[in-house]
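Undergrad: Predicted structure and sequence below. I'll ask about it afterward.
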Amino acid sequence: MSQDTPTAAPPARLLRIASHDDLVLAADDLGPLEAPVVILLHGGGQTRHSWSGAATALARRGYRVINFDARGHGESEWSAHGAYSLDDRVADLKAIVSEIDRPFALVGASLGGATSIHAAAQTLRPASLVLVDIVPHPEPEGISRIVNFMRAHPDGFATLDEAVDAVAAYNPERPRPRDPGGLMRNLRQREDGRLYWHWDPRIVSHRPEDFHDLVRKSAAVLPQTGVPVLLVRGLKSDVVSDAGVAAFRALVPALEVADVGGAGHMVAGDRNDAFNEAVIAFLERNMPAE
């Protein structure tokens with residue numbers, strides 16, 4: 001990693017970007033407009049706020065950062081027709097890339113990583129690709145745990161504490177927040193007064209197996225693109241195993257891997273400093289900010 005003193009990151013600019021079907025995406029835009037661009041794609045059930053630390057660190061290193069809420073998540077619109085396929089998500093990414101004229105890198109976690117693989121296998125050509133705890137052959141039990149969490153509580157929560165309990169049950173090793181108010185970024189209060197997760201439930205209406213079959217087909221194309229690929233995995237993850245890494249490396253022999261100790265599937269949230277160090281070092285080799 002460069003030893004230069006990081007500069008202060010300016011405040012984020014709020015973007016609204018219309019995709020191919022006129023669905024509007026919400027994004028934060030940080031850093032110098034003339035710099036190479038890092039596009040951050042969060043995981044299923046998350047929002048762009050999960051990247052807050054990474055986005056600031058990248059902008060301080062001199063990159064422009066576009067950090068957006070995926071369709072059906074956060075402040076981005078829900079699809080009226082339930083259009084949540086990987087092809088729809090790649091179309092969203094193309095809409096974002098069409099607004100920039102600089103080299104760009106994709107940093108995708110889980111669902112965002114799957115979207116990035118599928119995009120790179122098609123017509124998008126990032127200067128580099130960072131995949132955060134996602135491989136073409138993930139562990140079925142880990143995927144099921146995520147999907148079951150997202151499908152649970154369709155009737156919402158009566159109180160914020162109930163939502164905090166649900167998160168704690170899903171990720172018992174992460175300390176409970178001292179101020180649970182931050183979780184409200186991930187909840188929406190409806191007219192009935194109850195709190196509901198911010199995502200469209202139709203996102204998890206499909207079979208995960210079909211989704212990952214498509215990711216595997218796309219991953220097989222990656223070596224032909226010449227795009228440098230880094231996998232950042234949490235060593236405590238139940239989604240990415242040694243076998244999953246080996247299978248990915250069989251598809252992409254030049255794959256680089258950064259293991260983050262003490263982190264689970266939500267690597268950036270569990271060990272943000274270690275995550276940032278690995279990602280910035282990779283980007284500075286493959287897409288320098290200067």
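TA: That came through fine. Numbers count the residues shown, from 1 in each chain.

Undergrad: CA only for contacts and neighbour counts going forward, please
TA: OK.

Undergrad: Poorly predicted segments of this protein, please.
TA: Scanning the chain with the threshold set as pLDDT under 70 gives 1-10.

Undergrad: Would you map the helices across it?
TA: Using DSSP state H, the helices of the chain run over 52-60, 86-97, 111-120, 140-151, 160-170, 208-219, 222-225, 242-251, 267-270, 272-286.

Undergrad: quick one: the first one to helix 272-286, angle?
TA: Translated: helix 52-60. Going by axes from the mean of the first three to the mean of the last three C-alpha atoms, to 10 degrees, helix 52-60 is angled at 40 degrees with respect to helix 272-286.

Undergrad: looking just at contacts, which helices and strands does helix 52-60 meet?
TA: The criterion is 3 or more C-alpha pairs under 8 Å, 6 or more residues apart in numbering; DSSP states H and E, and the helices and strands that helix 52-60 contacts are strand 24-30, strand 64-68, helix 272-286.

Undergrad: how far does that helix sit from the chain's center?
TA: On the basis of C-alpha atoms, centre = their mean, to the nearest Å, helix 52-60 sits 14 Å off its chain's mean C-alpha point.

Undergrad: Tell me what angle that helix forms with strand 24-30.
TA: In this structure, helix 52-60 runs at an angle of 50 degrees to strand 24-30, with the same axes, to 10 degrees as the basis.

Undergrad: C-alpha coordinates for helix 52-60, PDB please?
TA: Taking Å, rounded to 0.1, in the frame of the first residue of the first chain, the C-alpha atoms of helix 52-60 are listed here in PDB:
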ATOM      1  CA  SER A  52     -19.400   3.700   4.600                       C
ATOM      2  CA  GLY A  53     -16.000   3.000   6.100                       C
ATOM      3  CA  ALA A  54     -14.600   1.500   2.800                       C
ATOM      4  CA  ALA A  55     -16.100   4.400   0.700                       C
ATOM      5  CA  THR A  56     -14.400   7.000   2.900                       C
ATOM      6  CA  ALA A  57     -11.100   5.200   2.900                       C
ATOM      7  CA  LEU A  58     -11.100   4.800  -0.900                       C
ATOM      8  CA  ALA A  59     -12.000   8.500  -1.500                       C
ATOM      9  CA  ARG A  60      -9.200   9.500   0.900                       C
END
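
Undergrad: List the buried residues in it.
TA: When burial is assessed from 16 or more other C-alpha atoms under 10 Å, helix 52-60 yields the following buried residues: 54, 55, 56, 57, 58, 59, 60.

Undergrad: Check the fifth one too.
TA: Of the residues in helix 160-170, those with enough neighbours to count as buried (16+ other C-alpha under 10 Å) are 160, 163, 164.

Undergrad: who touches it?
TA: The set of residues that contact helix 160-170 without belonging to it, under C-alpha atoms under 8 Å, 6 or more residues apart in numbering, is 149, 157, 174, 176, 180, 181, 183, 184, 195.

Undergrad: Residue 236 and residue 262 touch, don't they?
TA: Yes: between residue 236 and residue 262 a contact is recorded at 6.3 Å, counting by C-alpha atoms under 8 Å.

Undergrad: now, the most widely separated pair of the contacts of helix 160-170?
TA: By the measure C-alpha to C-alpha, 174 and 195 form the most distant pair in the contacts of helix 160-170, at 22.2 Å.

Undergrad: So those two - more neighbours on which side?
TA: Shown here are residue 174 and residue 195; by other C-alpha atoms under 10 Å, residue 195 has more neighbours (21 against 14).

Undergrad: Tell me which residue lies nearest the centroid of the chain.
TA: Residue closest to the average C-alpha location in the chain (C-alpha atoms, centre = their mean): residue 42, at 2.2 Å.

Undergrad: Next, find the distance separating that residue from residue 86.
TA: When distances are taken as C-alpha to C-alpha, to the nearest Å, residue 42 and residue 86 turn out to be 14 Å apart.
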